[in-house]
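1. Please find the sequence and the predicted model below.
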2 protein chains.
Amino acid sequence: MTIRYRFENSLYENVGDKGLKYDDILSYAKENLERHHKDLLEKRKNKTLGFFDLPYDKELVNKINELKKKYINIKNVVVIGIGGSSLGNITLNDAINGVYHNDRDTGLPKIYFADNVDPEKMAHLLEILDPKETVFNVITKSGSTAETMTNFMVLYDFLQENAPEKIKENLIITTDKENGNLVKIAAKLGLDTFVVPYNVGGRFSVLSSVGLVPAALTGVDIEKLLQGAADMDKICSVCDIEKNPAYMAALIHYLLYRDKDVNINVLMPYADNLASLSDWFRQLWAESLGKIDNKGKNVGITPAKSVGAIDQHSQVQLYIEGPFDKLITFIEVEKFRNTVKIPEVFTEIKGLNYLCGQTLDTLINNEKKATEIALTSANRPNTSIILPVIDEYHVGQLFYMLEVMTAFAGELFNIDAFDQPGVEAGKVATYALMGREGYESKRKEIEKELKNKKQREM
Amino acid sequence: MTIRYRFENSLYENVGDKGLKYDDILSYAKENLERHHKDLLEKRKNKTLGFFDLPYDKELVNKINELKKKYINIKNVVVIGIGGSSLGNITLNDAINGVYHNDRDTGLPKIYFADNVDPEKMAHLLEILDPKETVFNVITKSGSTAETMTNFMVLYDFLQENAPEKIKENLIITTDKENGNLVKIAAKLGLDTFVVPYNVGGRFSVLSSVGLVPAALTGVDIEKLLQGAADMDKICSVCDIEKNPAYMAALIHYLLYRDKDVNINVLMPYADNLASLSDWFRQLWAESLGKIDNKGKNVGITPAKSVGAIDQHSQVQLYIEGPFDKLITFIEVEKFRNTVKIPEVFTEIKGLNYLCGQTLDTLINNEKKATEIALTSANRPNTSIILPVIDEYHVGQLFYMLEVMTAFAGELFNIDAFDQPGVEAGKVATYALMGREGYESKRKEIEKELKNKKQREM
């Protein structure tokens, strides 16, 4: 089975002027698709873009399968990483193992994420972990991400203090092949090391060692995951707007932004275990497409996370009656892995007995359908990604489709979807404020500026 | 100590044309503040709006303190509720007990939330819970919320099957005083019952029995919480734009929307334990202000959740280089309850040793400051709420300030901030699709419509 994309509710025929005319989509594609497709393909061929080929790395799979044998009795896996080095991992765990994975007794290791540098959360994490029974996978391509290296230093020290004999065994490094602080540390300590390919950026790295190592250690079938991605590659490399769902979705977003001022992109899975997929997607989309285009214009569509049915009780009022500034993309799960029956209780109560004997599965999917109907009636453009089931194979498909969609949207917007120049200023300011060598004059500059500024506080 | 609001980076003096002139704020206030203030005050006085007076319900506090004595040895608390009947509860738990509360060994009960109707998550929850040691608090004002009543029916049945002797002891009802299905059920079964005041809507109910009962059972000091809210009431009821941070914040949002096309409101706490506060706020803001105004116009500012420092690696690229469509509000925690030192390890590595000997607390706060500087340099309007510490007293202040800000924004937008007519159509469609009595013709209508619609799927 294959995920599908349904988009008739983004069209004039269903939402009137707030939507796109299908002929306009086709005629844009006729004029431009081939050119954009070629440009993207060229980046794939000349290895500028590595994410396209991640599903085919058999050698990596073998290496990870070897690694797994070492950790059969491990109790916890801690991922030390932030942004692209943790969001994909959280998504994979939630989707495949479920958001209650750590509360359940499954026999698999629990998984924790040392992503942020919040001292309260870190203090609690140190309380929870037994370092002897925990494997730490530190992930940063550059080896210099301040948050990740800080958390690594704290957890390394924790290991050194409490289980020094386990340092070599319980530390795994994922970083660049040749450069950076972690390469040096790994060599010195003789640690297991995995490579983040040079041509794969953080937000496109979930199907590389970044996502695969922790997933495999917590029971995720990474071969099925990659198989799903590979099968999606076939579908998403076709240069035909009516056959390529990644291209169609990107084009719908682009034209709604260009012609209808739609500057918000809501991804709304109807499944708790896919909620964190929206966080992964937020990075992919925002960091790739929030850019200055080749004409000097500030462009970008802001991604927003939403979860059905929960956000019917939070966001849908705004989606129905607020400004026409959004495209909502639902993710619908066709078949849930569990079914829960609504029991025959309180059958005497009229307002409840319509539920008796039905299932939660039916209810959540009817809520999705009902919200779709309500939005469409209110002329609110919406589309649906239909996921046959939440498993490795289909989640692999989903990752790949959303990545190709985002990369292709970069072509439509005429921007470089693979850099992030806008975050540099903040990094430099952090270094200056933290007193890093070489940033002394920047620090003085900041201090002077802040001194001269009138604070307005109340 | 009191939370503070700092807003100079939303002004022309720091971000140029993308910001507001301070004189324009003052002159708008001079002309309109008194009128809006009076209108709001009138709703408070005539008891249309109950949320203002929630901090003063001593009787409720006494009743909850009595209740607590019954549950000294309970292992789990399950909140059965959705939207306004769970988001505040999640926020309170995360803020006060921390996001790792259920993983830690604190002696306090663990807490779970049966909010969504996802069968996979529910199946896992049933696996985790021992019904004998679990108290279930079902919360719905109307007593007819489909998701909540469904989850209640499932969990009631679970209790009946596995621990029928505990039904009376381990079920607590929170609902309307007189009406609805739960009133009947509570009376029949003789259950402990708490009231959601008739004049308090779900999204404004966190300081009522809705938020207080589960919080108290999991160790939160609800008296301090209410004291914080009461102290904030004094500050937020002053009719002076330069002394009332709730009014100032609302006015800044309103004027940026009206004059600068800012249609996105990002709330970005720099603390993991405040991440879910953004979800609570999303409902408060979106459902209150996403409306058709008194001139028939669709208005509303879309709230977006962001968490620092994590989202520096996800959203900040877009915030810096994307369109000028956002106001970012940081929440900065002045003093964290834990401190974690960055140890003196890898001191020989130049790119790391600037971190040695400093703390995570300093790092996260410098990251916030750095992001603020970078955004301001890029002319991106931003403001800060400064929270002295994450504790009951200051979280009570924060809830209250954000509620008054939202209510006051309703006055500025000329809309009713306290209804939600836009969600009705979706509810009706759900009833129809689920085969509820009385909705047969709606069902036929939907079926006909769907049949006549051309599906575009790929």
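-> Looks like it arrived, so ask away. Numbering: from 1, shown residues only, chains lettered A, B, ... in the order given.
2. Run through the residues that contact residue A:173.
-> A:137-138, A:182, A:185-186, A:191-194 (C-beta atoms under 8 Å, 6 or more residues apart in numbering or on different chains). The way it works is simple: take the backbone N, C-alpha and C, and place the C-beta from them, glycine included.
3. Tell me what it is bridged to.
-> residue A:138, residue A:193 (DSSP bridges).
4. Just want the phi and psi numbers for residue A:331.
-> Listed backbone geometry of residue A:331 is phi -120, psi 120, with angles given as degrees, to the nearest 10.
5. my bad, residue A:268
-> Taking degrees, to the nearest 10 as the convention, residue A:268 sits at phi -130, psi 80.
6. Name the residues of the stretch 101-250 of chain A found near chain B, please.
-> Proximity of the stretch 101-250 of chain A to chain B, by C-beta under 8 Å from any C-beta of the partner chain, involves residues A:102-105, A:115-128, A:143-147, A:149-150, A:153-154, A:156-157, A:160, A:181, A:184-185, A:202-203, A:242-245, A:248.
7. from the residues you listed, which would you call buried?
-> Using 16 or more other C-beta atoms under 10 Å in any protein chain shown as the burial test, these include A:102-103, A:115-126, A:128, A:143-147, A:149-150, A:153-154, A:156-157, A:181, A:185, A:202-203, A:244-245, A:248 as buried.
8. Where do the strands of the stretch 51-200 of chain A begin and end?
-> With DSSP state E, counting those that start in this stretch as the definition, the stretch 51-200 of chain A shows strands at residue ranges A:76-80, A:110-114, A:134-139, A:171-175, A:192-195.
9. Quick one: closest of those to residue A:284.
-> Across these, residue A:284 has its closest neighbour in strand A:134-139 (16.7 Å, C-beta to C-beta).
10. helices or strands next to the closest one in the packing?
-> For strand A:134-139, the elements it packs on are strand A:76-80, helix A:146-162, helix A:167-170, strand A:171-175, helix A:209-217, judged by 3 or more C-beta pairs under 8 Å, 6 or more residues apart in numbering or on different chains; DSSP states H and E.
11. what's around residue A:370, how many residues?
-> Residue A:370 is flanked by 24 other residues according to other C-beta atoms under 10 Å in any protein chain shown.
12. quick one on the thing from earlier: what about the contacts of residue A:173, which one has the most neighbours?
-> Each of the contacts of residue A:173 was scored by neighbour count (other C-beta under 10 Å); the top score is that of residue A:138, with 28 neighbours.
13. check contacts around that residue.
-> With contact taken as C-beta under 8 Å, 6+ apart, residue A:138 is in contact with A:80-81, A:148, A:152, A:171-175, A:182.
14. element containing the residue most central in space within chain A?
-> Centroid-nearest residue in chain A: residue A:280, 1.7 Å away (criterion: C-alpha atoms, centre = their mean). Remark: residue A:280 resides in helix A:275-289, with elements defined by DSSP states H and E.
15. Now the element after that helix, going C-ward?
-> Scanning forward in sequence from helix A:275-289 by DSSP H and E, the next helix or strand is strand A:291-292.
16. Looking at that following strand now, give me its mean pLDDT.
-> Mean pLDDT, computed over strand A:291-292, is 97.
17. Same question for stretch A:2-17.
-> With pLDDT averaged residue by residue, stretch A:2-17 scores 98.
18. which other helices and strands contact the longest helix along chain A?
-> Using DSSP state H, we find that the single longest helix of chain A is helix A:22-45. Under the contact criterion of 3+ C-beta pairs under 8 Å, 6+ apart, the helices and strands touching helix A:22-45 comprise helix A:245-260, helix A:392-413.
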